[in-house]
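> I'll drop the sequence and a predicted model, then ask my questions.
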Amino acid sequence: MVEVGGAVTRALLAIARDGGDECALAEKICRACVAWLDIDGASISLLTASTARATLWASDATAELLEDLQFALGEGACMEAALTGRPVLVPDIDDVTEVGRWPAFAAGVVEQSAARAIFALPLQWGAINLGVLALHRRAPGSLSAVQGRDAMSAADTASLMMLGVCTDPGDGQWLDHAVSHRAEIHQATGMVLAQLGISAIDALARMRAYAFAEQRSLSDVAHDVVSRRLRFIPDPT
C-alpha cells in the first residue's frame, strides 16, 4: 500500500480549487513535484497512449521535448505507463537494459536533451488510465525510497484531482467529504456506495472514472444512476 503524507502529497492536498481548468491544475501539480522531489522538470498528459493525447502542462523545454518525442515516435516511458497502468522508472537513460524496448525514444532523449533519468507515473483510477505524470532530471539515479513513495502517492492524489476537473468543470470539490453540493450527484453517490459497499469518496471517484472513460459529464452519469439506467457492479475478485 502506498504511504501517504509526503511533502508533495501534502502540497497537493493544500491546493485550493479556484475554478481553474485542468491545465491550471496540471501546472500546480507539476510545480509541487519540482519543488519537493529531487527532479528538474515535470509534465502531465491526458489520454497519453491515444490519438487524442493532450499535454496539459510542461515545466520546461526538456519536459516539452520528452512529450513531443513520445507522441511522434509512439514509444517511451510515458506510453508504456499509460498502456500498462504501472510506473515506469528509468534511473539511467544511457542504460541499454533499461531503454532497449524504446530505441528511437532513448536515442532522441540522449541526443536532444539533458534528461538522464525519467519517471513515468500513471494517473490511474481502477481500470481507467487518465494519463501520465512524467518527471525527469539531469543527473542519473533513482529517487530515494521516501521520495519514491511520495511520488506514487502524489500520482494517486493527482488522479482524483484530475477526475474532478475533467468530468465536471467548475463543480467544486474534487475530494470533499461533503461529496458534492449537487443533490442528484449526492443521491447517486449514495446509490453507488450501497451497490459496491464502499465509502462515499470512493463511490464518487468511481463515477468520475466512468464519466472520464465515457467522455461524459459527472452530472449526466449521476442522472443515469438515479434513473436506474446505470448500475455499478463490484469488480471481479
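Good, I have the coordinates.
> contacts, neighbours, all on C-alpha from now
Will do.
> Low-confidence regions, this structure specifically.
Residue ranges of the chain with pLDDT under 70: 1-5, 16-20, 51, 168-182, 236-237.
> mind listing the helices for it?
If DSSP state H is used as the criterion, the helices of the chain fall at 7-13, 22-36, 61-73, 77-84, 96-99, 103-112, 145-167, 183-196, 200-214, 218-226.
> Redo those as TSV? Include mean neighbour count and distance to Ala52.
Below are those laid out as TSV (neighbours: other Cα atoms under 10 Å; distance: least, Cα to Cα, whole Å):
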stretch	mean neighbour count	distance to Ala52
helix 7-13	20	26
helix 22-36	20	15
helix 61-73	18	10
helix 77-84	23	13
helix 96-99	14	25
helix 103-112	16	20
helix 145-167	22	14
helix 183-196	18	28
helix 200-214	22	13
helix 218-226	20	20
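> JSON lines for these, including distance to Arg138?
As requested, the helices of the chain are arranged in JSON lines below (distance: least, Cα to Cα, whole Å):
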{"stretch": "helix 7-13", "distance to Arg138": "20"}
{"stretch": "helix 22-36", "distance to Arg138": "13"}
{"stretch": "helix 61-73", "distance to Arg138": "10"}
{"stretch": "helix 77-84", "distance to Arg138": "16"}
{"stretch": "helix 96-99", "distance to Arg138": "16"}
{"stretch": "helix 103-112", "distance to Arg138": "11"}
{"stretch": "helix 145-167", "distance to Arg138": "17"}
{"stretch": "helix 183-196", "distance to Arg138": "45"}
{"stretch": "helix 200-214", "distance to Arg138": "34"}
{"stretch": "helix 218-226", "distance to Arg138": "40"}
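> Quick one: residues contacting the residue nearest to the spatial centre of the chain.
Closest residue to the average C-alpha location of the chain: Leu123 at 2.4 Å, with Cα atoms, centre = their mean. By Cα atoms under 8 Å, 6 or more residues apart in numbering, the contact set of Leu123 is 129-133, 155-156, 158-159.
> out of the helices of the chain, nearest to Thr48?
Thr48 sits nearest to helix 77-84 of all the helices of the chain, at 6.1 Å, using Cα to Cα.
> what's the closest one packed up against?
strand 88-90, strand 117-125, strand 128-137 (3 or more Cα pairs under 8 Å, 6 or more residues apart in numbering; DSSP states H and E).
> Can you give the strand pairings for the second one, parallel or anti for each?
Strand partners for strand 117-125, identified by DSSP bridges, are recorded as strand 88-90 (antiparallel), strand 128-137 (antiparallel).
> contacts for the first one?
Residues outside strand 88-90 that contact it (Cα under 8 Å, 6+ apart) are 77-78, 80-81, 98-99, 117-121, 142.
> swap in stretch 222-237?
184-185, 187-189, 191-192, 195-196, 207, 221.
> Check those and tell me the two furthest apart.
Greatest spatial distance in the contacts of stretch 222-237: Glu184 and Leu196, 18.3 Å, computed using Cα to Cα.
> any idea how far Glu75 is from Pro103?
Using Cα to Cα, to the nearest Å, Pro103 is found at 9 Å from Glu75.
> Then Ala188?
Distance, Ala188 to Glu75, by Cα to Cα: 39 Å.
> How about Cys33?
Distance from Cys33 to Glu75, by Cα to Cα: 24 Å.
> Please consider this matter closed, and thank you.
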